[in-house]
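Peer 1: Give the three-dimensional model of this entry:
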Amino acid sequence: MSEQSQHPLTRRLRRIMDLYQHRSWRLLFAGLLLVLLVSVVVLSGISHRAGKPPRFALKKVELSGSYKRVSYDFLSPNPFADGKAWIMAQDKKGGYHDYLFNLGTDKVEGVCEGQCPLVFNERDNIVLLQSREFKRPRPSTPGFVQDMDEFMQKIGLIKRTDRDRVEFWIQPGAREKPILVGTAYERTGAGGSEQVSPQANYYRVCTTCGEHLLIDLKGAKMRELPPARLATGGWWSNDEILFFTPDGDLMLYNAQSTESSIVFSLQQIQAFLQSHGWSSSSSGGRCWILSAWNGDHFELYLGEMLSRRSQQTKGWLIKIDKAKKELLLVADAFPFARLGHLNGAGTHYVYCGERETGDSNAVYVYELKTGQTLPLVPGLPSEQYFSLPNFHKDKIIYVQEDALWSMNLDGSGKRLLFPPKQAEMNQGE
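Peer 2: You can find the predicted model right below:
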């Protein structure tokens, strides 16, 4: 059969096959096929983004009805800076809200639209926000796409990770557009340590993926900090932050000058512990930093790191005298708790229980002077939430039954804070 008598499509396929016989054309076809496969896999397995950039708006909100899953930034050493707090809550329709709540007036002053508010610098009118992009999921399309996705992983063309991308945004004004200042990575389902400086000029980030970063809120910039061994750290002053180096030394880093110095070496910490009867193994890797806000600055402590798997429930507590740069023993048998906090005066320690013991929603206060533990709020074994207590001035703020409450250090004067219109349930002394 002559070429002229063949079907047009047959002639085109024959010409393509003739071209494929040449090595250069084979390489071209292979490259095009590879691009096609990569495109299919990437488009089918594209990660779930957090959505549009988060945004903060100063506005009053009239709260009504009931809420659930009420919480606040309980991991922060100063979650009630300037008498305000970020309140996270879910309404009865299932919608999540992030409110800037004034603890003095019991009023909402602002709302965050997006994922997570971090810092509200009222003095300079700056807001630090965060959004999180979840890890790349397995393609939901069955058959060929899933098979190609697995094949591309095996040959190393794509890599599935267990990390989430975290974006940090700065909004310079209530009506301004947020600015992306940097990104970091956290292990999926986990979060690292984050601490704002006393005047809310800087924000330290230590992620579960080993990144150690500093955000300059005024300059709207992010930069790397020297490597840190532990996520814990504490602000020594408005511009200086203390953290452990990989060698176990305590380093002081100045955010303005970027200079750093060793305040206490590992050998000095070991020598101090040995002078009080502890072995050198009770330092370095078993030492962590606690911060306690006193209304003006942070008081810094070192605590013995206890393993939850061990039978040991108490450890030593050391205060750092920042003026003299000395270590002072506070207690040799301190009852550390996973979600505990010291008050600024160093007289009381508040904490909740654990789910394993059926008292996760209880509130306990330990008095350092007397060594006594007082149960202020009884636990409800049938409930699984955490009370998350923390200090605010001379009060304790805690979560109870989907609401935020306040009480005195002795448990008297319980008062409902959020939501203020949920019910007239204020309990007397």
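Peer 1: Excluding covalently adjacent residues, which one is nearest to residue 298?
Peer 2: Distances taken as C-beta to C-beta, 6 or more residues apart in numbering place residue 291 nearest to residue 298, at 4.5 Å, with adjacent residues excluded. Bear in mind the C-beta positions are built from the backbone N, C-alpha and C, glycine included.
Peer 1: Need the three-state assignment for the one you found.
Peer 2: In the three-state summary, residue 291 is assigned as strand, counting by DSSP: H, G, I helix; E, B strand; the rest coil.
Peer 1: Which strand residues bridge it?
Peer 2: Applying DSSP bridges to residue 291 gives these bridge partners: residue 300.
Peer 1: Low-confidence regions, the stretch 251-400 of the chain specifically.
Peer 2: By pLDDT under 70, the low-scoring segments of the stretch 251-400 of the chain are 279-285, 307-312.
Peer 1: Test my guess that residue 243 contacts residue 230.
Peer 2: Yes. Proximity of residue 243 to residue 230 meets the contact threshold set by C-beta atoms under 8 Å, at 7.3 Å.
Peer 1: Now for these two: what residues contact both?
Peer 2: The contact sets of residue 243 and residue 230 overlap at residue 289 (C-beta atoms under 8 Å, 6 or more residues apart in numbering).
Peer 1: Between these two, which is the more surrounded one?
Peer 2: The neighbour comparison of residue 243 against residue 230 (other C-beta atoms under 10 Å) goes to residue 243, with 27 against 18.
Peer 1: Do me a favour and get the end-to-end distance for stretch 175-191?
Peer 2: Distances were taken as C-alpha to C-alpha, to the nearest Å; on that basis the terminal residues of stretch 175-191 are 29 Å apart.
Peer 1: care to break this protein down by domain?
Peer 2: Domains of the chain are assigned by automatic domain parsing as 14-44, 48-190.
Peer 1: which of these has the lowest average pLDDT?
Peer 2: Of all the domains of the chain, the minimum mean pLDDT falls on domain 14-44 (a mean of 52).
Peer 1: Helices of the stretch 101-250 of the chain, residue ranges please.
Peer 2: Taking DSSP state H, counting those that start in this stretch as the test, the helices found in the stretch 101-250 of the chain are 144-154.
Peer 1: Show me the strands in the stretch 201-350 of the chain, by range?
Peer 2: Using DSSP state E, counting those that start in this stretch, the strands of the stretch 201-350 of the chain run over 202-206, 212-216, 221-224, 233-235, 240-244, 250-254, 260-264, 287-293, 298-304, 315-321, 326-334, 341-342, 348-351.
Peer 1: could the ones you listed go into TSV alongside distance to residue 66?
Peer 2: Output for these, formatted as TSV (distance: least, C-beta to C-beta, whole Å):
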stretch	distance to residue 66
strand 202-206	33
strand 212-216	36
strand 221-224	39
strand 233-235	37
strand 240-244	40
strand 250-254	45
strand 260-264	49
strand 287-293	31
strand 298-304	36
strand 315-321	40
strand 326-334	39
strand 341-342	28
strand 348-351	26
